[in-house]
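S.K.: What would the 3D arrangement of this be:
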Amino acid sequence: KLWPKGTLCITIAANIGETAILGFDACFPDSVVGLLCNEKILLNKYTNYFFISFKQKLEQLAPATAQKNINVDILEKVKIPLPPIEEQLKVVQEIESRLSVADKMEESINQSLQQAGALRQSILKKAFEGRLV
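M.R.: Predicted structure coming up:
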């Protein structure tokens, strides 16, 4: 089946509960379930963030077999909180705002680690050249 852009994809085998929203029309294997939300009632992004927060519970619902997996019946029983659209929008905006801050902090930390690594190399070089005073 060709799923349209905007479909929420949820893995149901191996890496249970991984999610993504399609950026283009695509087909995918039966280990992935497509969910089309009626955006007048339930926002894709809100639903995506819900499933991200619910991932650990989904993994617990998987029967203990050689490879953990869940089925559509299990997914259909998941109760997604359904506040008004305005509240869903606020939830999404708040999550994305905090994720943006976290991304900026991570970028800053990575830059600092690179600078620390360069400083360390510079100190070692000076030490081995006998120029460390």
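S.K.: Figure out the helix or strand that residue 55 lives in.
M.R.: Using DSSP states H and E, residue 55 maps to helix 44-61.
S.K.: What residues of that helix count as buried?
M.R.: Residues of helix 44-61 classed as buried: 44, 45, 46, 47, 48, 49, 50, 51, 54, 55, 58, 61 (neighbour count, 16 or more other Cβ atoms under 10 Å). Heads up, the C-betas are built off the backbone N, CA and C, glycines and all.
S.K.: and of the residues you listed, the nearest to residue 83?
M.R.: residue 46 (8.5 Å; Cβ to Cβ).
S.K.: Name the nearest residue to the closest one, ignoring sequence neighbours.
M.R.: The shortest distance from residue 46 to any non-neighbouring residue, by Cβ to Cβ, 6 or more residues apart in numbering, is to residue 88 (4.1 Å).
S.K.: what's the answer for residue 37, then?
M.R.: residue 44 (5.0 Å).
S.K.: Quick check: the one you found touching residue 6?
M.R.: Yes - look at residue 44 against residue 6 with Cβ atoms under 8 Å: they come within range, at 6.0 Å.
S.K.: All set, thanks.
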